[in-house]
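# from the sequence below, what's the structure:
(one chain, ligands or ions: 1)
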Amino acid sequence: MAEFTMELNEEQREVREWLHGFAAEVIRPAAAEWDEREETPWPVIQEAAKVGIYSLDFYAQQYFDATGLGIPMAMEELFWGDAGIALSIVGTGLAAVGVLANGTEEQIGTWIPQMYGDASDVKVAAFCSSEPDAGSDVASMRTRAVYDEAKDEWVINGTKTWATNGGIANVHVVVAVVDPELGSKGHASFIIPPGTPGCAQGQKFKKHGIRASHTAEVILDDVRVPGSCLLGGKEKLDERLARARERAKQGGERVKNAAMATFEASRPAVGAMAVGTARAAYEVALEYAQTREQFGRPIIDNQGVAFQLADMRTQIDAARLLVWRASWMAVNGKPFTAAEGSMSKLYASETAKQVTAQAIQILGGNGYTREYPVERMHRDAAIYTIFEGTSEIQRLVIARTLSGMPIR
Ligand SMILES: Cc1cc2nc3c(=O)[nH]c(=O)nc-3n(C[C@H](O)[C@H](O)[C@H](O)COP(=O)(O)OP(=O)(O)OC[C@H]3O[C@@H](n4cnc5c(N)ncnc54)[C@H](O)[C@@H]3O)c2cc1C
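All right, here's what the predicted structure looks like:
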């Protein structure tokens, strides 16, 4: 177990500086343009690929960092640059982690390189779970995968929505129902290879924030994929379903806990994204408050402004500590007895919304315009309380974990 320390080691500090440099010199200057264009910032992703930030190697290195701080640190720096562009860069990683976590070695080796492409021809990947009638309520998922034994193929039908990179991805990872009797325990994940007939982009959403990140529906119409596209393989799925059926008879507790542990481990990464956006807005507000003069003195001379900045910084640091704690717990296999992963995501995302709103207030009229970045950061921050489980769902998870009661 890695010893707990509040200090980043030398290697982590170097990586952080390198990422910060990329965020400051490449991402931030491009942010306003891609927000207005509402398009995937391919040239920026390509730049990230050239320097090695857009690659599985980089992502895996941070993912397997024994202190648990690699991913939160990377997310905070990239999202400090700009949330929409950063999501375009890390969105593929979220799909790749799905394959890393559940795929066989062969699947990892075959599909992950195709998710990223290379610096001369970058590709992206999408993770498709949400559906029009299954957002927070994942168990209501309808997309169905049926096994055609004669051809050793899976036939997938359904509509996915809100998929980051949906339809423009080279590789889609799709979650589908394989046993409707088992609710969310009867789900499995599939690779949809590039160019598979029947897999198409539906509506592309015009969004409030993170507009440089592509979000769309994915329509799956009699999509046929080889048996080898079932993540983890058929044998493992059959064993898992048999265990789930057995446990369902006995109350289903252990399966539920395993799924919860996975979410608890992934949610701090979203918390770290929120910390990045909040810190970015706070820094702009601090500098503005120190230079903008009214009544013959800098506005920060007023307690009303200075105290807001004090609260903003306190909340950001508290959010980061919750994120780091949960990430450290995940890597060291500590049980999330108080849903600490959900706690970190809840607090950091609410902080980002609040801090970015305060930043607009501190910049006054300028804060309300697109001449300054805080209005964009505020629009971007609103996503953190929605995706990867809304704030209400985080509170539900925390309350259920604390009380052991099936709170609704
Ligand atoms: C920009 C963007 C990108 C996304 N990217 C992806 C992606 O790549 N892949 C993917 O699979 N999904 C993605 N999502 C989907 C996202 O995870 C869902 O939007 C989210 O889970 C909420 O689901 P919903 O939108 O259907 O809201 P709903 O579940 O309909 O919730 C609506 C409201 O009701 C509240 N609510 C619902 N149930 C309860 C309850 N039991 N108690 C209290 N309140 C409740 C919610 O908190 C919310 O305030 C993305 C979404 C967005 C907006």
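# C-alpha only now, for contacts and for neighbours.
Noted.
# just to be sure, Val223 is in a strand?
Yes - under DSSP: H, G, I helix; E, B strand; the rest coil, Val223 sits within a strand.
# Glu217: which element?
Assessed by DSSP states H and E, Glu217 sits inside strand 215-226.
# in that strand, what counts as buried?
Within strand 215-226, the residues scored as buried using 16 or more other Cα atoms under 10 Å are Thr215, Ala216, Glu217, Val218, Ile219, Leu220, Asp222, Val223, Arg224, Val225, Pro226.
# okay, those in a markdown table with distance to Leu19 next?
Shown next, in a markdown table, are those (distance: Cα to Cα, whole Å):
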| residue | distance to Leu19 |
| --- | --- |
| Thr215 | 25 |
| Ala216 | 28 |
| Glu217 | 31 |
| Val218 | 32 |
| Ile219 | 36 |
| Leu220 | 37 |
| Asp222 | 42 |
| Val223 | 39 |
| Arg224 | 40 |
| Val225 | 38 |
| Pro226 | 39 |
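# follow-up on the earlier one: ok, the strand holding Glu217: who's next to it in the sheet?
Sheet pairing here is set by DSSP bridges, and for strand 215-226 it gives strand 153-164 (antiparallel), strand 199-204 (antiparallel).
# tell me the most buried of these?
Highest mean neighbour count of the strands paired with strand 215-226: strand 153-164, a mean of 23 (counted as mean count of other Cα atoms under 10 Å).
# dump that strand to CSV, restricted to CA.
C-alpha atoms of strand 153-164 as CSV (Å, rounded to 0.1, in the frame of the first residue of the first chain):
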residue,chain,number,x,y,z
GLU,A,153,-22.7,-13.1,-33.4
TRP,A,154,-24.5,-10.6,-31.1
VAL,A,155,-27.4,-8.7,-32.5
ILE,A,156,-27.9,-5.3,-30.8
ASN,A,157,-30.9,-3.0,-31.1
GLY,A,158,-31.7,0.2,-29.2
THR,A,159,-31.1,3.9,-28.9
LYS,A,160,-28.3,5.4,-26.7
THR,A,161,-28.3,9.1,-25.9
TRP,A,162,-25.9,11.7,-24.4
ALA,A,163,-22.9,9.8,-25.7
THR,A,164,-19.8,11.8,-25.6
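# wait, does it make contact with the ligand?
Yes - with Cα under 6 Å from any ligand atom as the criterion, the ligand is reached by strand 153-164 at Trp162, Ala163, Thr164.
# kindly report the same for stretch 388-400.
Yes - Stretch 388-400 comes into contact with the ligand (Cα under 6 Å from any ligand atom), by way of Glu388, Gly389, Thr390, Glu392, Ile393.
# which residues are in contact with the second one?
Which is Gly389. By Cα atoms under 8 Å, 6 or more residues apart in numbering, the contact list for Gly389 reads Ser136.
# report pLDDT for it.
pLDDT for Gly389: 95.
# secondary structure element for Gly271?
Per DSSP H and E: helix 253-291 holds Gly271.
# partner strands of the helix or strand just after that helix, with direction?
Beyond helix 253-291 in the direction of the C-terminus, DSSP H and E gives the next helix or strand as strand 293-294. Its sheet considered, strand 293-294 pairs with strand 297-298 (antiparallel) by DSSP bridges.
# show me the shaky parts of the stretch 151-300 of the chain.
For the stretch 151-300 of the chain, the stretches with pLDDT under 70 are 251-261.
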